[in-house]
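# How does the following fold in three dimensions:
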Amino acid sequence: VQQKFSNKKKFVFFFKEMKRVANQTARIIGASQKNGQSKAMMRFYGTKHTSQLFEQLDDAKVDYNKYIGKDFEHKLIYKNSDIETEGKEMTNLNLCNSINLTLDQALEQDDKAVIFGEDVKFGGVFRCTVNLADKYGEDRVFNTPLCEQGIGGFAIGMAALGHTPIAEFQFADYIFPAFDQIVNEAAKYRYRSGAQFDVGGLTMRTPCSTVGHGGLYHSQSPEAYFAHTPGLKVAVPRNPAQAKGILNAMIKDENPCLFFEPKVLYRASVCDVPVEPYEIELGKAEVLKEGTDVTIIGWGLQLYTLEKAIKMAEEEDNISCELIDLRSIMPWDRETVINSVKKTGRVVVSHEAPISGGFGAEVAATIQEKAFLYLESPVARVCGLDTPFPLAHEKYYLPDMLKVYETIKNVMNY
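Take a look at the predicted model:
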């Protein structure tokens, strides 16, 4: 470290500052433990380190390996109860190929549809737009400069003139330069013009969530930022079949839409998908599994973790869990969630984004407002930590299976 400081005084200052922060942190931790706050925080926020939970399971003689291995079969994730498959031509696709097929069909059906973004002409960094420029021409599928603000503004302009722009932001982490264009222009365009003009044909795609090695700039889940903005529709799919139906619905919707794509699922999530176009209603959640003891709510990639935790809770503790995929973040399906809570009386909400201000807080607040007298325990959240996404400590940051499992037990024992 000292070699990085050419000036000795700067190094001394740096060392003293680190020591001051360490001492302050120690005092805070000591005070919270003295007041019993540390245990309470771990109980309701599920922030225990995974290593501690492994030790507890070892003591309880629980074989957790059968829930975390690659051989675990995700049956609930690939349940697509609201997609008509009988008599339909089906094809086996991963998430990336499903999105590519959806975009292909959108361009074929709508002459005013265009796709643009960084490197999309060449197929995009994740290959979701591969071969589309060759098929439809470079005037309909084309690259943009590396300027997210420009991509957002250009998309709004095209939509205002009646086109169907499908804009790609290469990573959700880099959508923020376009934040002003999206929340102050796209979301308010119809309102500020008294419904004379709109940008309803606008759809924005962007890869999100953890990938295992993305660090702080390629792992974020920023859906809550946009859910706070009236005028936008926001959704996150869990598998290829869901992705096709939701994305197609967004492209045809008459409001500006944001479609967040969990990038680790591009290759990892594979299932049968109907070939012909179809839509999944925006704002409608799906109950993947019915239960009687506790309601578990999530969306996107986190559902894979939740299914494992549910399996563990049911087999090890005989806890009946109801699993809900919210799918649409805005608008979101309050009715389905409230009806489930009234039945179970206990709730766990989980997402990768940091816990403070995450969309789970909105879900929790609505539950206590609409179903308070039905609750048998406080609404629990198992989320990412309030830190930048850490590369070296990703396993501690993520709301993993064991954190969810412990929280399920805590709400049952409250």
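# now the residue nearest in space to the middle of the chain: how far from residue 277?
Nearest to the geometric centre of the chain sits residue 300, at 4.8 Å (C-alpha atoms, centre = their mean). Distance, residue 300 to residue 277, using C-beta to C-beta, to the nearest Å: 22 Å. For glycine as for every other residue, the C-beta is placed from the backbone atoms N, C-alpha and C.
# With residue 319 instead?
40 Å.
# With neighbour numbers in mind, choose between those two.
Between residue 319 and residue 277, counting by other C-beta atoms under 10 Å, residue 319 is the more crowded of the two (20 against 16).
# nearest spatial neighbour of that one, skipping sequence neighbours?
residue 313 (4.3 Å; C-beta to C-beta, 6 or more residues apart in numbering).
# just checking, the one you found touches residue 407?
No - applying C-beta atoms under 8 Å, one finds residue 313 not in contact with residue 407, separated by 9.8 Å.
# Compare the two (neighbour count), which wins?
residue 407 (28 against 25).
# Looking at the more buried one now. What's its pLDDT?
With respect to pLDDT, residue 407 has a value of 97.
# Also residue 25?
Reported pLDDT for residue 25: 50.
# And residue 15, by the same measure?
Reported pLDDT for residue 15: 56.
# Same check on residue 363?
For residue 363, the model assigns a pLDDT of 98.
# Would you confirm that it contacts residue 338?
No - Residue 363 is beyond contact range of residue 338, at 10.2 Å (criterion: C-beta under 8 Å).
# okay, those two: which has more neighbours?
More crowded of residue 363 and residue 338, by other C-beta under 10 Å: residue 363, with 23 against 17.
# what separates the nearest residue to that one once chain neighbours are set aside from residue 371, distance-wise?
Take residue 363 and drop its neighbours on the chain: the residue closest to it by C-beta to C-beta, 6+ apart is residue 349, 5.1 Å away. Relative to residue 371, residue 349 is positioned 13 Å away (C-beta to C-beta).
# Mind checking which of those two has more residues around it?
The residue with more neighbours, out of residue 349 and residue 371, is residue 349; 28 against 19, by other C-beta under 10 Å.
# Show me the beta-bridge partners of the more buried one.
Counting by DSSP bridges, residue 349 is bridged to residue 297, residue 381.
# Name all residues that make contact with it.
Residue 349 makes contact with 297, 298, 360, 363, 364, 379, 380, 381, 382, 383, according to C-beta atoms under 8 Å, 6 or more residues apart in numbering.
# And the residues you listed, which is closest to residue 334?
Proximity of the contacts of residue 349 to residue 334, judged by C-beta to C-beta, is greatest for residue 363, which lies at 8.8 Å.
# secondary structure element for the closest one?
Using DSSP states H and E, the element containing residue 363 is helix 359-371.
# Ok, residue 272 next?
Per DSSP H and E: strand 270-274 holds residue 272.
# Paired strands for that strand, with orientation please.
Strand 270-274 sits in its sheet next to strand 90-94 (antiparallel), going by DSSP bridges.
# Buried residues in whichever helix or strand comes after the partner strand, which are they?
Next helix or strand after strand 90-94 toward the C-terminus (DSSP H and E): helix 95-109. Across helix 95-109, burial judged by 16 or more other C-beta atoms under 10 Å covers 95-107.
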